[in-house]
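Enquirer: I need the structure of the sequence given here:
(2 chains)
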Number of protein chains: 2
Amino acid sequence: MHILNAINPILLTPGPVEMDPEVLKAMSHVAESHFSQAFCNTFGDVLSMLRRLFQSEDPIAQPFVIAGSGSLGWDFTATNFIEPGESVLCLSTGFFADAFEMCLSTYGAQSKKLTVPFGAAPDLERVEEELRACRYKALIVTHVDTSTGVLTPLEPLSAMLKRVSPETLLVVDGVASVACEEVQFDVWSVDVLVTGSQKAIGCPPGLSIIMVSGRALEVARTRKAPPASWYASLTRWLPIMQKYENKEPSYFATPPTQIIHALHASLTSILSLPLEERFRRHKEKGDQVKSGLAELGLTPVALQPEYQSNGVTAFWLPEGLSSKALLSAVLAKGVTLSAGMHPEHGSKYARFGHMGYSVMSESGLRIDIGIEALRETVIRFYDSQRQTVATEGYTEFTNQPQSITVGA
Amino acid sequence: MHILNAINPILLTPGPVEMDPEVLKAMSHVAESHFSQAFCNTFGDVLSMLRRLFQSEDPIAQPFVIAGSGSLGWDFTATNFIEPGESVLCLSTGFFADAFEMCLSTYGAQSKKLTVPFGAAPDLERVEEELRACRYKALIVTHVDTSTGVLTPLEPLSAMLKRVSPETLLVVDGVASVACEEVQFDVWSVDVLVTGSQKAIGCPPGLSIIMVSGRALEVARTRKAPPASWYASLTRWLPIMQKYENKEPSYFATPPTQIIHALHASLTSILSLPLEERFRRHKEKGDQVKSGLAELGLTPVALQPEYQSNGVTAFWLPEGLSSKALLSAVLAKGVTLSAGMHPEHGSKYARFGHMGYSVMSESGLRIDIGIEALRETVIRFYDSQRQTVATEGYTEFTNQPQSITVGA
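Expert: Now for the predicted structure:
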């Protein structure tokens, strides 16, 4: 329990997340040249370790690590693999899937978005039907949408895609899934996997991490229209990543040396245990959160248990309890949760992040504390409601809408 | 002298640079939500402090801080202020100016590049002639090109532009100049100023920092073609920056919370002294480096003293001494310098970074150590040359070409 810091709230949001002290230590690495042998060694090891995290042994596939937010991977996808006018099929399960689709459209893709009721996962048969009806350059799936906690299982989707439209690229947004959900890059024939540093990987925000298959590299290399972006151009970054993975310096733009050291520390920690064990623990702790919610009579936003993420649980609040009121109350107990993220429902649900260090350290004690803070708050709310009904008296819970503005 | 670390070499490259211990401490800030009030306060203060660093009091102008390398600012410029087919005039004084021009072309700008002999600064009369001959949407100037150490004075350029083509936007790449050279954003009517975190600002790499005038904001808002980029779209980031500057949370992509804390620490330190004093010390220390080089018979790459940067000095090496050999020798003395950066001349010159904390702390002791390491190395080389001539014997200095591959 000594690591728990009494001053700072426990961060149980779906990113950023609590970090291993070794990761924080790596963040304050002294200044060094990005051309130094020491840094080349670190960056090279990071790229090799990412292959292991993605369960990829294909030497032709290539990981990329670029300064930016996780969503820079959307631009990278849009500008390198899709030519203007080409069709893409986007499976929407929330805010982030919708934003990915808007990004693709920005770069000129003809996007078709398959939407589902709020909280549902895509219907595989409907997707198959659409893939049979039209030739798509890429199928875009958000493995876990951070805004809803809905998980779209990749294995059956990949199998169906191979059967129905094998030439279509499989593009996966793994921002909220990599390192807490199984992602078998090779076996599931993923072509592009985009993620960020600040969720289950357990680093500070600031890195866009992308894994690209040999087939997708070829698509990027042989595209007719030049990439519309400079900073997100695969052909400019590819030789840089190859050189660094070979532990030699190279230059396109200055790499964020400190966060790359932090990533080295977190990947070292992640890979010190079998990945199955990591995924098992995330499922176990995620189930514990869901049981805690069920005991309080609260239901997850994700409609079906098999499509609920193991790293983030979005859950409906009791009527009369806004996400803002809930967040304030749990914060007073030393725990940070997240509000909902939806133009209409945002204030009516909240999100509990259970990924990375909080799950893997000290038997997940932080998660237990989070569940308890939530339990006490909701029970107190129920009590206050009963009291209000009985006496028409004061209630400490107000129902103000959540104040976070979403820019996109 | 206690801060000097015996294990790590002193980093005297033109970015990344040595950092204030307070900056490093801020890098390991515990995980926190980007929606927390504490982070909103920090980010808000950072944006306000940037205005002071840029010497801007115009409330309509807006600073932006985005996860990415400094060169992301090129994409931001290209996609927000220039419409496809519009003409831009690029003044080239080295590798980075050339890359900026390529980035602009990538986004469809019709770019005209004015080149000068290697080491020269742009000829103001030639620029004026070009501005009179053609209507340009923007004039693109690299204030200091990191690859050559050539400084292009902004004040006369701005005055001429206002006189000759007042409607043309003045775009300044200040990556290697902000915080070590005077940049008066308002007085010099700069429209777009792009910089990064890892040079004279004294943070780790990972932030793209951009200041935009009210006039340029209006250009971005009223452009006909939508921005070609998602991640670099000004209209998506603008409300986010306005909210955060108002210390309220907002969301477009997760901000790199730790580096923003580091930026807060470095800006606090920078602004604790009058900026004139900071610029004076950079000039003083830069002059000391140049005197040291002159004593060794070495000449700067920048041809004229008035066009030499005060933050980085590129200098020609004696014939027979490659940059690789020089760098190895000074590294053995605990100092990291940089090689040249030019397809033809790269191995024939080296670069000495004298910016930020190394200049401002402990009377610039690190710079003194760097000059001494350089002096000993060059004198030893001269000695070895004499010996070789005398005996045809072994020399420790080999003339291998520098091995850094430049991706662009």
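
Enquirer: rest of the way, CA atoms for contacts and neighbours
Expert: OK.

Enquirer: all helices for chain A, in order.
Expert: For chain A, helices defined by DSSP state H occupy the ranges A:21-27, A:37-53, A:72-81, A:95-106, A:124-133, A:154-164, A:214-222, A:234-245, A:257-270, A:275-295, A:323-332, A:357-360, A:365-391.

Enquirer: Need these in a markdown table (columns: distance to B:Ser165, mean pLDDT and mean neighbour count).
Expert: A markdown table is the format used below for the helices of chain A (distance: least, Cα to Cα, whole Å; pLDDT from 0 to 100; neighbours: other Cα atoms under 10 Å in any protein chain shown):
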| stretch | distance to B:Ser165 | mean pLDDT | mean neighbour count |
| --- | --- | --- | --- |
| helix A:21-27 | 47 | 97 | 21 |
| helix A:37-53 | 46 | 98 | 19 |
| helix A:72-81 | 35 | 98 | 27 |
| helix A:95-106 | 33 | 98 | 22 |
| helix A:124-133 | 54 | 98 | 14 |
| helix A:154-164 | 57 | 98 | 16 |
| helix A:214-222 | 41 | 98 | 17 |
| helix A:234-245 | 35 | 98 | 20 |
| helix A:257-270 | 41 | 98 | 24 |
| helix A:275-295 | 62 | 98 | 18 |
| helix A:323-332 | 52 | 97 | 21 |
| helix A:357-360 | 57 | 97 | 24 |
| helix A:365-391 | 61 | 92 | 17 |
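
Enquirer: I'd like those helices as a markdown table, with distance to chain B appended.
Expert: Converted to a markdown table, these look like this (distance: least, Cα to the nearest Cα, whole Å):
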| stretch | distance to chain B |
| --- | --- |
| helix A:21-27 | 5 |
| helix A:37-53 | 11 |
| helix A:72-81 | 6 |
| helix A:95-106 | 5 |
| helix A:124-133 | 26 |
| helix A:154-164 | 25 |
| helix A:214-222 | 15 |
| helix A:234-245 | 6 |
| helix A:257-270 | 7 |
| helix A:275-295 | 20 |
| helix A:323-332 | 10 |
| helix A:357-360 | 11 |
| helix A:365-391 | 13 |
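
Enquirer: In JSON lines: those helices, plus distance to A:Val301.
Expert: Listed next are these as JSON lines, based on distance: least, Cα to Cα, whole Å:
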{"stretch": "helix A:21-27", "distance to A:Val301": "32"}
{"stretch": "helix A:37-53", "distance to A:Val301": "29"}
{"stretch": "helix A:72-81", "distance to A:Val301": "25"}
{"stretch": "helix A:95-106", "distance to A:Val301": "13"}
{"stretch": "helix A:124-133", "distance to A:Val301": "20"}
{"stretch": "helix A:154-164", "distance to A:Val301": "20"}
{"stretch": "helix A:214-222", "distance to A:Val301": "34"}
{"stretch": "helix A:234-245", "distance to A:Val301": "37"}
{"stretch": "helix A:257-270", "distance to A:Val301": "29"}
{"stretch": "helix A:275-295", "distance to A:Val301": "11"}
{"stretch": "helix A:323-332", "distance to A:Val301": "14"}
{"stretch": "helix A:357-360", "distance to A:Val301": "21"}
{"stretch": "helix A:365-391", "distance to A:Val301": "17"}
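
Enquirer: wait, which of the ones you listed is closest to B:Gly370?
Expert: helix A:37-53 (19.7 Å; Cα to Cα).

Enquirer: what is the orientation angle of that closest one with helix A:275-295?
Expert: Put simply, helix A:37-53 runs at 70 degrees to helix A:275-295, going by axes from the mean of the first three to the mean of the last three Cα atoms, to 10 degrees.

Enquirer: related to what we said a few turns ago, relative to B:Arg380, tell me which of the helices of chain A wins on proximity.
Expert: Using Cα to Cα, the nearest of the helices of chain A to B:Arg380 is helix A:37-53, at 24.6 Å.

Enquirer: List the contacts of the closest one.
Expert: A:32-34, A:57, A:63-65, A:179, A:241, A:244-249, A:257, A:260-261, A:263-264, A:267-268, A:271, A:275 (Cα atoms under 8 Å, 6 or more residues apart in numbering or on different chains).

Enquirer: Render the CA-only coordinates of that helix in CSV, please.
Expert: Only the C-alpha atoms of helix A:37-53 are listed here, as CSV (Å, rounded to 0.1, in the frame of the first residue of the first chain):
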residue,chain,number,x,y,z
GLN,A,37,23.9,5.2,-29.4
ALA,A,38,22.2,4.9,-26.0
PHE,A,39,19.0,6.4,-27.4
CYS,A,40,19.2,4.3,-30.6
ASN,A,41,19.4,1.1,-28.4
THR,A,42,16.4,2.2,-26.3
PHE,A,43,14.3,3.1,-29.3
GLY,A,44,15.4,-0.1,-31.1
ASP,A,45,14.3,-2.2,-28.1
VAL,A,46,11.0,-0.4,-27.9
LEU,A,47,10.2,-1.3,-31.5
SER,A,48,11.1,-4.9,-31.0
MET,A,49,9.1,-5.1,-27.8
LEU,A,50,6.0,-3.6,-29.6
ARG,A,51,6.1,-6.6,-32.0
ARG,A,52,5.8,-8.9,-29.0
LEU,A,53,3.0,-6.9,-27.5
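
Enquirer: roughly how far out does it sit from the chain middle?
Expert: Taking Cα atoms, centre = their mean, to the nearest Å, one finds helix A:37-53 lying 21 Å from the centre of the chain it belongs to.

Enquirer: Find the centremost residue of chain A, please.
Expert: A:Ala176 (1.7 Å; Cα atoms, centre = their mean).

Enquirer: hang on, that residue packs against A:Val144?
Expert: Yes: taking contacts as Cα atoms under 8 Å, A:Ala176 lies within contact range of A:Val144: 5.5 Å.

Enquirer: How about A:Val212: what's its closest non-neighbour residue?
Expert: A:Val192 (4.7 Å; Cα to Cα, 6 or more residues apart in numbering or on different chains).
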